[in-house]
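J.: prediction below, plus the sequence it came from.
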Amino acid sequence: MKRLLNILIALTLVVATSCTYTFPEAETPTSGSASFTKVVAVGNSLTAGFMNGALYTEGQENSYANIIATQMQTVGGGTFNQPDINSVNGYYGMAGSTILGRLHLVGIDNPAPSPIIPGEAITAYSGDKSSLNNFGVPGMRIIDAAYPGYGTANPYFGRFASNPATGTVLGDASAANGTFIILWLGSNDVLGYAIHGATGGTEGDGTSTTDMTAANLFTGAYQNAINTLFANGQKGIIANIPNVQDIPYFTTVSWNSIPMDQATANQTNQAYLSYNGGLDQAVLGGFITQDEADLRYVEFEEGNNGIVINDEELTDLSGLGLPSIRMTNSNDLITLTAGAVLGTLANPSDPTTVIGVGVPLDEEYTLTPANQEAIADRTAEFNAVIAAQASNDIAFLDINSIFKEFAQSGALINGAGLDATLYPPFGAFSLDGIHPNARGYAYIANLFIGKINESYGANIPEVNPNNYPGNELPVPQ
């Protein structure tokens, strides 16, 4: 992880003057056939403005929903009230009794994401809950949106719910009586499963956030959301789910992250002679094919090597005394969090227990091809459900297709590049590898604005993403 982020400062300085903007010819803003008098946005952490692993003031102010609503004010839109968190660094987690804040880059020579200390606890919203417009709740799945008392399970909703013990997100959002609805919800119904290395179940009923939501439950919950939010014939826009495997959380740490010189490789290979020989015997005994044995052999060489991982999808050879392990290849994805454990010692007093070499990396840090296929298939099912809700009054943004191209090629915006990484200056993602930074949120806002303009004959001005901050420079250790 540290090696991968070592280029941050140099990249930033090289393009310090590259973010130029060519102003288009002035056009008269208009709302077209839609009314933006009161915009209501419903979604998860993306709608809330979560970034760098926390919800904090700067992220909220740069949420895609807030950017859209601000632009809508040029065509008659009203104020857009958010449940202000009033927090400089937000809440990332706990280290003992210490509250950790948002991620920032630490270290000049080998910069790496690290929480700011101290962070701030999640506090109740003290404003007028009845006048809110943004109902973005970090961590919310579509199956949570109508759950009574969700505010007691999710503190981010509990802080601004009309009644944390009985209220629902959909109920509170519907009571806001919006004239235009923005709904982008459903990614967490696959994301929780993915970021935990597909260790959860694939037919989740909502009990565990590490499961993928069952397709039939998603269908019913999404239809209910549409019926509730658009009950009075409002116009609005919905968006589908990007492929989560394309975000930097899964693309930053390379599958071949184990560097070795030849002498170290030779020494390490000695430890796996018995295992590799056992695979040969398993082939002779008809327990596995030669193709599977080839996949399972562990052999290091000079240069960058694959990571030794546990893989429970392999044939169980425990009866032969052989573990279900193999080395990663280019078809595997490694989580961003693996960067913090790869190369460390599972047993500090035993130098042979290097994680990813002598000790396999746990499954929670990897997505195998079979995992990726299951996630992609479920995402496609969910997106078919979402697309089916589009109508003359409900515009549909196919952000999945747009992000697929963006993840592969990036984008050139007003003369400056933007890509699906967390590396400044072009990275559109914050340091958690899941949520955009302010520049990325501005890019997303423009996608929504463009589709709204197209669908309703409106002319809402877009923003220049280059005017929004990317990731910060590293600070000294």
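T.: Sure, I can see it. Numbers count the residues shown, from 1 in each chain.

J.: residues contacting residue 140?
T.: 43, 44, 45, 150, 154, 157, 169, 185, 188 (Cβ atoms under 8 Å, 6 or more residues apart in numbering). Quick note: C-beta positions are derived from backbone N, CA and C, even for glycine.

J.: look up the closest residue to the third one, ignoring the ones flanking it.
T.: Spelled out, it's residue 45. Using Cβ to Cβ, 6 or more residues apart in numbering and skipping the chain neighbours, the partner closest in space to residue 45 is residue 138 (3.7 Å).

J.: tell me the pLDDT of the one you found.
T.: pLDDT for residue 138: 98.

J.: kindly report the same for the one 4 residues further on.
T.: Note for residue 142: predicted pLDDT of 97.

J.: pretty sure it is touching residue 185, no?
T.: Yes - between residue 142 and residue 185 there is a contact under Cβ atoms under 8 Å: 5.2 Å.

J.: shared neighbours, those two?
T.: In contact with both residue 142 and residue 185: 222, 225, using Cβ under 8 Å, 6+ apart.

J.: flag the shaky bits of the stretch 1-150 of the chain, pLDDT-wise.
T.: 1-26 (pLDDT under 70).

J.: what about the strands in it?
T.: Secondary structure of the stretch 1-150 of the chain (DSSP state E, counting those that start in this stretch): strands at 39-43, 93-95, 98-100, 103-106, 112-115, 134-136.

J.: which one of these lies closest to residue 291?
T.: Closest to residue 291 of the strands of the stretch 1-150 of the chain, according to Cβ to Cβ: strand 112-115, at 38.2 Å.

J.: what does the closest one contact?
T.: Residues contacting strand 112-115 (Cβ under 8 Å, 6+ apart): 1-2, 5, 53, 92-93, 95, 100-106, 339, 431-432.

J.: which parts of the stretch 151-300 of the chain are helices?
T.: 155-158, 169-175, 188-195, 215-229, 248-251, 262-271, 273-284, 290-296 (DSSP state H, counting those that start in this stretch).

J.: so how far is residue 217 from residue 146?
T.: 11 Å (Cβ to Cβ, to the nearest Å).

J.: ok, residue 341 touching residue 364?
T.: No - contact criterion Cβ under 8 Å: residue 341 and residue 364 do not qualify, at 10.2 Å.

J.: where are the low-confidence patches of the stretch 301-450 of the chain?
T.: Along the stretch 301-450 of the chain, the model assigns pLDDT under 70 to no residue.

J.: how about the strands of it, start to end?
T.: Using DSSP E, counting those that start in this stretch, strands in the stretch 301-450 of the chain cover 303-305, 308-310, 325-327, 333-334, 366-367, 394-397, 411-413, 416-418.

J.: filter the contacts of strand 112-115 down to just the buried residues.
T.: 1, 5, 53, 92, 100-106, 339, 431-432 (16 or more other Cβ atoms under 10 Å).

J.: now those residues as CSV including distance to residue 291?
T.: Below are the buried ones among the contacts of strand 112-115 laid out as CSV (distance: Cβ to Cβ, whole Å):
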residue, distance to residue 291
1, 32
5, 37
53, 41
92, 44
100, 46
101, 49
102, 46
103, 41
104, 46
105, 43
106, 44
339, 31
431, 40
432, 38
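
J.: ok, these vs residue 242, which is closest?
T.: Distances from residue 242 to the buried ones among the contacts of strand 112-115, taken by Cβ to Cβ, are shortest for residue 432, at 15.6 Å.

J.: how about the closest one, nearest residue that isn't a chain neighbour?
T.: With Cβ to Cβ, 6+ apart, the residue lying closest to residue 432 is residue 53, at 4.2 Å.

J.: repeat for residue 289
T.: residue 283 (7.1 Å).

J.: right, and that neighbour touches residue 291 too?
T.: No - taking contacts as Cβ under 8 Å, residue 283 lies outside contact range of residue 291: 9.6 Å.

J.: more neighbours: which of these two?
T.: Per other Cβ atoms under 10 Å, whichever of residue 283 and residue 291 has more neighbours is residue 283, with 16 against 9.

J.: residues near residue 265, how many?
T.: So residue 265, with other Cβ under 10 Å, has 16 neighbours.

J.: I'd like the numbering to begin with 37 instead of 1 from here.
T.: Noted, 37 is the first residue going forward, which turns the last one into residue 301.

J.: for residue 378, see how far away it is.
T.: Going from residue 301 to residue 378 by Cβ to Cβ gives 17 Å.

J.: one more: residue 397?
T.: 7 Å.

J.: mind giving me JSON lines with the contacts of residue 176 and columns for neighbour count and distance to residue 449?
T.: Output for the contacts of residue 176, formatted as JSON lines (neighbours: other Cβ atoms under 10 Å; distance: Cβ to Cβ, whole Å):
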{"residue": "79", "neighbour count": "26", "distance to residue 449": "23"}
{"residue": "80", "neighbour count": "25", "distance to residue 449": "25"}
{"residue": "81", "neighbour count": "24", "distance to residue 449": "24"}
{"residue": "186", "neighbour count": "23", "distance to residue 449": "37"}
{"residue": "190", "neighbour count": "19", "distance to residue 449": "34"}
{"residue": "193", "neighbour count": "28", "distance to residue 449": "34"}
{"residue": "205", "neighbour count": "25", "distance to residue 449": "33"}
{"residue": "221", "neighbour count": "28", "distance to residue 449": "26"}
{"residue": "224", "neighbour count": "25", "distance to residue 449": "28"}
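
J.: gap between the two ends of stretch 262-270?
T.: Using Cα to Cα, to the nearest Å, the end-to-end distance of stretch 262-270 comes out at 11 Å.

J.: count of residues packed around the closest residue in space to residue 69 that isn't next to it in sequence?
T.: Counting by Cβ to Cβ, 6+ apart, residue 69 lies nearest to residue 492, which is 4.9 Å off, once chain neighbours are set aside. Residue neighbour count, defined by other Cβ under 10 Å, stands at 23 for residue 492.
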